[in-house]
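**Q** structure for this input, please:
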Amino acid sequence: MTTTTTPPADARMLGLAHYAARAVLESVLSRHGLDFQQQIVLRPVVLAAGPVDRARLAADTVAALKTDEDSVQGTIDGLITAGLVATDASEVRITDAGRALYERITQETSAATGRIWGGIPEEDLLATGRVLTLVAERANAELATTGR
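**A** Residues are numbered from 1 along each chain as shown. Take a look at the predicted model:
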């Protein structure tokens, strides 16, 4: 009888899981004319109870994606040009078109998300959450030492 063992998690395994899941999301986003960074910027604006401070949105996105401010500001400008968010001085807010698009994307990704995450025992998800939180904290601390 052949016995297979699950290898321990490492950076490569984490990366492969991330890119596989991201590819699923990007396949949906591309059908709607959005890219990954646009979706990352759009989400907190949709979920906010009201307008979002543009500077805070940009800073949060830069921190989350480890990208540069100019790129994020360009993404925000693109979402404004597309009519998905609107701007009022230093704040951005979701438009009806932006909300409708986000809801379509969420509906399309929900089925795949259920298939990907469904059936994983709760205790495994909790343990994975703890490990990923620790890895992110350590990676962010490492980046801080490099001045990034």
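**Q** show me what contacts the residue nearest the centre of the chain?
**A** Nearest residue to the geometric centre of the chain (CA atoms, centre = their mean): residue 40, 4.7 Å. By CB atoms under 8 Å, 6 or more residues apart in numbering, residue 40 lies in contact with 61, 64-65. C-beta: built from backbone N, CA, C; applies to glycine.
**Q** residue 22: which of these is nearest?
**A** Nearest to residue 22 among the contacts of residue 40: residue 65, at 11.7 Å, using CB to CB.
**Q** follow-up on the earlier one: A helix includes the residue nearest to the centre of the chain, no?
**A** Yes - counting by DSSP: H, G, I helix; E, B strand; the rest coil, residue 40 is part of a helix.
**Q** ok, and what's touching stretch 141-148?
**A** For stretch 141-148, the surrounding residues in contact (CB under 8 Å, 6+ apart) are residue 66.
**Q** roughly how far does residue 55 sit from residue 24?
**A** Per CB to CB, to the nearest Å, residue 55 is found 32 Å from residue 24.
**Q** who's more crowded, the two?
**A** residue 24 (15 against 12; other CB atoms under 10 Å).
**Q** can I assume that one is in contact with residue 115?
**A** No - using CB atoms under 8 Å, residue 24 makes no contact with residue 115, being 9.4 Å away.
**Q** tell me which helix or strand comes right after the helix or strand harbouring residue 71.
**A** Element membership of residue 71, judged by DSSP states H and E, is helix 69-81. Counting by DSSP H and E, the next helix or strand C-terminal to helix 69-81 is strand 85-88.
**Q** that next one - what's its average pLDDT?
**A** Per-region confidence: strand 85-88 scores 94 on mean pLDDT.
**Q** residues making contact with that strand?
**A** 42, 45, 51, 54, 76, 79-80, 92-95, 98.
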